[in-house]
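In: Here is my input; please provide its structure:
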Amino acid sequence: MASLQSDFAKKHLTKFEINVDSVVYLRDEEIFLESAAILMILKDLGGFSRIFYWFLRMFPFRLRQFVYRWVARNRYKWFGTCMID
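Out: Predicted coordinates:
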């Protein structure tokens, strides 16, 4: 895990030419963004997290994206400041 401003992220994500201010998951030279990143993280964590992966996968991509972006917009209001910077 690294912030998007870290040296690791700058080194590994520049070749993908993405400009996001959101969660990015890099796995085996494949990049996942936003709700797709969350799904793949849950899948790769294994164990109990896979239940959430299979549940969330049932919803259409557009709905997952809408919910992801709604939570992302409101997370500071609900939870305070981000602990990873």
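
In: neighbours around residue 72, how many?
Out: Neighbour count of residue 72, defined by other C-beta atoms under 10 Å: 14. Backbone N, C-alpha and C define where each C-beta goes, glycine included.

In: same thing with residue 39?
Out: Count around residue 39 with other C-beta under 10 Å applied: 21.

In: when you give positions from now on, start the count at 405
Out: With the count now opening at 405, the last piece we talked about shows up as residue 443.

In: Secondary structure of it: a strand, I assume?
Out: No: applying DSSP: H, G, I helix; E, B strand; the rest coil, one finds residue 443 to be helix, outside a strand.

In: List the residue ranges of this protein that fall below the pLDDT cut-off.
Out: Scanning the chain for pLDDT under 70 picks out the ranges 423, 485-489.

In: just the helices in it please.
Out: Assigned by DSSP state H, the helices in the chain fall at 411-417, 438-449, 453-461, 465-483.

In: tell me the most buried of the ones you listed?
Out: Among the helices of the chain, ranked by average contacts under mean count of other C-beta atoms under 10 Å, first place goes to helix 438-449 (a mean of 17).

In: Restricting the selection to alpha carbons, write that one to PDB.
Out: Provided in PDB are the C-alpha atoms of helix 438-449 (Å, rounded to 0.1, in the frame of the first residue of the first chain):
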ATOM      1  CA  GLU A 438     -12.000   2.900  -8.100                       C
ATOM      2  CA  SER A 439     -14.700   0.300  -7.500                       C
ATOM      3  CA  ALA A 440     -12.900  -2.300  -9.700                       C
ATOM      4  CA  ALA A 441      -9.800  -1.800  -7.500                       C
ATOM      5  CA  ILE A 442     -11.900  -2.400  -4.300                       C
ATOM      6  CA  LEU A 443     -13.300  -5.600  -5.800                       C
ATOM      7  CA  MET A 444      -9.900  -7.000  -6.800                       C
ATOM      8  CA  ILE A 445      -8.400  -6.100  -3.400                       C
ATOM      9  CA  LEU A 446     -11.200  -7.900  -1.600                       C
ATOM     10  CA  LYS A 447     -10.700 -10.900  -3.900                       C
ATOM     11  CA  ASP A 448      -7.000 -11.000  -3.400                       C
ATOM     12  CA  LEU A 449      -7.200 -10.600   0.400                       C
END
